[in-house]
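A.B. asks: Build me a model from this:
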Amino acid sequence: MAGILDRAGIDVILIGDSLGNVVLGHESTIPVTLDDMVHHTRAVSRAVHRALVVADLPFMTYHLSIRDALVATGRLMQEGRAQAVKLEGGREVTEQIKMIVRAGVPVMAHIGLTPQSVHQLGGYRVQGREAEAAFKLLDDARAVQDAGAFAIVLECVPAPLAEMVTEELQIPTIGIGAGPYCDGQVLVVNDMLGLGGGFTPRFVKRYADLGAEAMRAVTAFKEEVETGRFPESEHSFTMSEDELEKLKKG
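C.D. replies: Residues are numbered from 1 along each chain as shown. Now for the predicted structure:
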């Protein structure tokens, strides 16, 4: 998948902890471990030649201490071969951002709906609809920029608010459910290709239905095996008549 995205000219490939939902079968991103992230980041990095590879710092790998944040970042960079990391939060994670940047690692910020805090937020809800919450989001955006983030993901925020953030910041904004006014957009590839089997968020545009096509193909395979139509001679290997005769004679 990473190779396809890279060849298609996608500029940034994010290995998000959303892999917990769409690959590992979890109900949220919270169970995703650092080992999970390293494994998937390493696989993506082997396939990518031009896009910027960014890896998520998973739940509780950067919250307890700056040292934990640096150790987790080091693993994603050295073992996973990421080129940048992403972490969730606003003003409360600015010290972590500063120290990671000081260590020479580019940091992408993420505010608005932050899935690692889904229980605290009361579910997957649009953030910043009320003026007070919108002011806080603007403050968080300024804070992570000042801390050294090179870009910021805005997730599930009203389009007018995302536009205000984009106009105010010097760094690029990347929207997901944040309207058309951000500098860039991101979608979970399984969602956009129709490979998920569950709930599809409103902000997702499905560009293909590969899940249905995969089901058709697998069903056809099963039927042909059961009825003896696969494999046919064109899918089989042969041996010379002389060698076959020797085999028959023992």
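
A.B. asks: all contacts plus neighbour counts: C-alpha atoms, from now on.
C.D. replies: Will do.

A.B. asks: and residue 236, how many neighbours?
C.D. replies: 8 (other CA atoms under 10 Å).

A.B. asks: gap between the two ends of stretch 56-65?
C.D. replies: 17 Å (CA to CA, to the nearest Å).

A.B. asks: got the contact list for stretch 60-76?
C.D. replies: Contacts to stretch 60-76, defined as CA atoms under 8 Å, 6 or more residues apart in numbering, come from residues 34, 37-38, 41, 55, 57, 82, 85, 93, 95-96, 99-100.

A.B. asks: Run through the residues that contact residue 142.
C.D. replies: residue 169 are the contacts of residue 142 under CA under 8 Å, 6+ apart.

A.B. asks: That one and residue 2, how far apart?
C.D. replies: 32 Å.

A.B. asks: any idea how far the residue of the chain most remote from its centre is from residue 242?
C.D. replies: The outermost residue of the chain relative to its centre, with distances by CA atoms, centre = their mean, is residue 249 at 59.9 Å. Remark: distance between residue 249 and residue 242 (CA to CA) = 11 Å.

A.B. asks: any common contacting residues for those two?
C.D. replies: Common neighbours of residue 249 and residue 242 (CA under 8 Å, 6+ apart) do not exist.

A.B. asks: Which stretches in this structure count as helices?
C.D. replies: 2-7, 19-22, 34-47, 66-78, 94-102, 118-121, 131-147, 159-168, 189-192, 210-226, 241-249 (DSSP state H).

A.B. asks: looking at those, which has the lowest confidence?
C.D. replies: Least confident of the helices of the chain, judged by mean pLDDT, is helix 118-121 with a mean of 72.

A.B. asks: residues contacting residue 134?
C.D. replies: 127-128, 161.
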